[in-house]
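give me a 3D structure for the following:
(one chain, ligands or ions: 1)
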Amino acid sequence: MNKNLKFITEPKTVSIVGCPFSGGQRRVGVDKGPIHLVNAGLVDQLKDLGWAVEFNGHHQFEDISAEVDPPIGKLKNPRLVSKVTEAVAQVVGDHTRRRSLPLTLGGDHSLAMGTIAGTLSGYPDACVIWVDAHADINTTETTDSGAWYATYTFLTGNIHGMPLAFLTSLSGSNSLSDTKDSQSVPFSWLDSVHLPPSRLAYIGLRDVDKGEKMILLEHNIAAFSMHEVDRYGIGTVVEMALDRVNPDRSKPIHLSFDVDALDPSVAPSTGTPVRGGLTFREGHYICERLYETGLLVAVDLMEVNPSLKDAADAQQTVAVGCSLVRAALGRSDIN
Ligand SMILES: NC(=[NH2+])NCCC[C@H](N)C(=O)O
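Next up, the predicted model:
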């Protein structure tokens with residue numbers, strides 16, 4: 001076992017899962033995120049931190065296509081997103097069961113259906129720290145409940161706003177089915193996966209749709225918005241989040257980091273930026289502290305979209321993304 005990370009075996013290995021995928025939302029370019037992150041030197045940076053790095057190129061999801069993929073209910077690209085996330089779940093699950101640490105680079109945040117399902121296959125008691133401006137817990141019913149927001153994102157139905165509804169079983173394939181053949185219904189593979197809402201904590205929220213607010217309340221989900229970050233400071237907020245989902249500091253932790261949790265002045269190139277976000281240091285502190293718990297088992301970095309804004313903004317966002325990953329994988333300023 002690793003002296004720093006309780007669940008990862010020596011020699012500590014990080015397995016990069018590059019996921020150039022944008023089908024969970026409407027803006028082109030987020031599929032380029034992982035390519036830019038790797039081209040910025042991430043592999044060598046992680047080797048420098050003492051990790052053995054496995055990276056066999058980005059997943060092309062070649063065999064996966066869904067040429068005929070009309071919306072089901074309000075959901076856009078349901079067949080494609082289901083197939084891609086199922087493939088991601090398999091890959092992440094394999095790494096997890098070998099006790100290497102999967103680092104998934106997105107791509108849009110619908111990919112977390114795959115990454116978290118994969119983590120749960122290896123660590124059924126894992127908890128999730130979801131760092132994001134958005135709650136991404138819209139159900140098949142509530143996905144258009146973000147009234148002001150929806151006006152400029154085509155009434156949503158974008159599955160990147162929904163992964164946690166499927167993972168917590170608030171939505172399931174039954175809500176998408178008009179056929180008896182359950183195998184062919186999108187997301188039926190996820191029906192057997194369940195993340196209890198008591199093992200989910202958010203940090204950084206500031207753009208939560210009406211229907212999502214009701215879900216957070218009703219299921220008593222640990223949600224720390226920017227208001228709590230301002231009020232208590234990031235150090236206290238991270239402990240408060242861990243107290244809710246991992247009170248004994250014993251369970252495996254999956255970190256799912258959406259780069260839009262950061263303020264747009266820090267990470268401008270992302271599809272759904274929201275002002276008033278985490279500072280550079282607050283974002284890094286979360287990553288550093290979770291590494292320090294020794295309990296990290298998987299990391300996602302999502303929603304870097306280098307095609308948005310200008311080249312300098314894209315480069316800044318990619319650089320911050322790499323820096324967050326280094327912080328989550330043990331980089332320290334003094335040792
Ligand atoms: N992963 C993201 N950037 N999600 C943004 C979601 C925005 C909005 N709540 C929706 O459901 O469409």
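
helices of this protein, start to end?
33-39, 42-48, 78-97, 112-122, 147-150, 163-167, 210-218, 226-232, 234-245, 280-292, 311-328 (DSSP state H).

of all the ones you listed, which one is nearest the ligand?
helix 147-150 (5.7 Å; CB to the nearest ligand atom). The way it works is simple: take the backbone N, C-alpha and C, and place the C-beta from them, glycine included.

dump the residue contacts of the single nearest residue of the stretch 201-335 of the chain relative to the ligand.
Proximity to the ligand, evaluated over the stretch 201-335 of the chain using CB to the nearest ligand atom, is greatest for residue 272 at 4.1 Å. Shown in contact with residue 272 (CB atoms under 8 Å, 6 or more residues apart in numbering): 25, 133-134, 153, 207, 260, 303.

ok, 10 Å please
When contacts are counted by CB atoms under 10 Å, 6 or more residues apart in numbering, residue 272 touches 25, 27, 108-109, 132-134, 149, 153, 158, 160-161, 207, 258, 260, 303, 305.

what does residue 212 give?
Residue 212 neighbours (CB under 10 Å, 6+ apart): 134-139, 142-143, 145-146, 161-162, 164-165, 205, 221, 223.

filter those residues down to the ones near the ligand?
134, 136, 138, 143, 146, 161 (CB under 6 Å from any ligand atom).

and which of these is nearest to residue 320?
residue 134 (18.2 Å; CB to CB).

and the closest one, how far is that from residue 61?
Distance of residue 134 to residue 61, given as CB to CB, to the nearest Å: 24 Å.

flag the shaky bits of the stretch 1-150 of the chain, pLDDT-wise.
Residue ranges of the stretch 1-150 of the chain with pLDDT under 70: 1-3, 62-63, 66-67, 146-150.

ok, now with 90
Low-confidence segments of the stretch 1-150 of the chain (pLDDT under 90): 1-4, 28, 60-69, 144-150.

of all of it, which residue lies closest to the ligand?
Nearest residue of the stretch 1-150 of the chain to the ligand: residue 109, at 3.4 Å (CB to the nearest ligand atom).

now do the chain
Counting by CB to the nearest ligand atom, the chain gets nearest the ligand through residue 161, at 2.1 Å.

and for that residue, the neighbour number?
29 (other CB atoms under 10 Å).

what does the one 3 residues further on give?
Number of residues near residue 164 (other CB under 10 Å) recorded here: 30.

thought it was touching residue 208?
No. Using CB atoms under 10 Å, residue 164 is not in contact with residue 208; the gap is 11.7 Å.

identify the contacts common to those two.
Residues within reach of residue 164 and of residue 208 at once, by CB under 10 Å, 6+ apart, are 132, 134-138, 202, 215.

near the ligand, which residues of the chain?
Residues of the chain lying near the ligand by CB under 6 Å from any ligand atom: 109, 134, 136, 138, 143, 146, 149, 153, 156, 158, 160-161, 209, 258, 260, 271-272, 303.

quickly note the distance from the residue nearest to the spatial centre of the chain to residue 127.
In the chain, the residue lying closest to the centroid (CA atoms, centre = their mean) is residue 256, at 3.6 Å. For residue 256, the distance to residue 127 (CB to CB) stands at 11 Å.

just residue 258 next, same as before
In this view, residue 258 and residue 127 are 17 Å apart by CB to CB.

more neighbours: these two, which one.
Set side by side, residue 258 and residue 127 show more neighbours around residue 258, with 27 against 23, by other CB under 10 Å.

is that one in a bridge, and if so with what?
Counting by DSSP bridges, residue 258 forms beta bridges with residue 302.

contact partners for it?
Residue 258 makes contact with 106, 108-109, 112, 130-134, 136, 160, 204, 267, 270-272, 300-304, according to CB under 10 Å, 6+ apart.

pLDDT value on the residue nearest to residue 314 when sequence neighbours are not counted, please?
Closest residue in space to residue 314, ignoring its immediate chain neighbours: residue 306 at 3.9 Å, by CB to CB, 6 or more residues apart in numbering. In this model, residue 306 is scored at 95, pLDDT.

right, and residue 306 touches residue 35 too?
Yes. Applying CB under 10 Å, one finds residue 306 in contact with residue 35, separated by 8.4 Å.

which residues do those two both contact?
With CB under 10 Å, 6+ apart as the test, residue 306 and residue 35 both reach residue 318.

those two: who's more crowded?
The neighbour comparison of residue 306 against residue 35 (other CB under 10 Å) goes to residue 306, with 24 against 15.

what touches both of residue 256 and residue 127?
Here residue 256 and residue 127 share the contacting residues 119, 200, scored by CB under 10 Å, 6+ apart.

name all residues that make contact with the spatially closest residue to residue 47 that is not a sequence neighbour.
Excluding the flanking residues, the one nearest residue 47 by CB to CB, 6+ apart is residue 53, at 5.5 Å. Taking CB under 10 Å, 6+ apart as the criterion, residue 53 is in contact with 13-16, 42-47, 103, 329.
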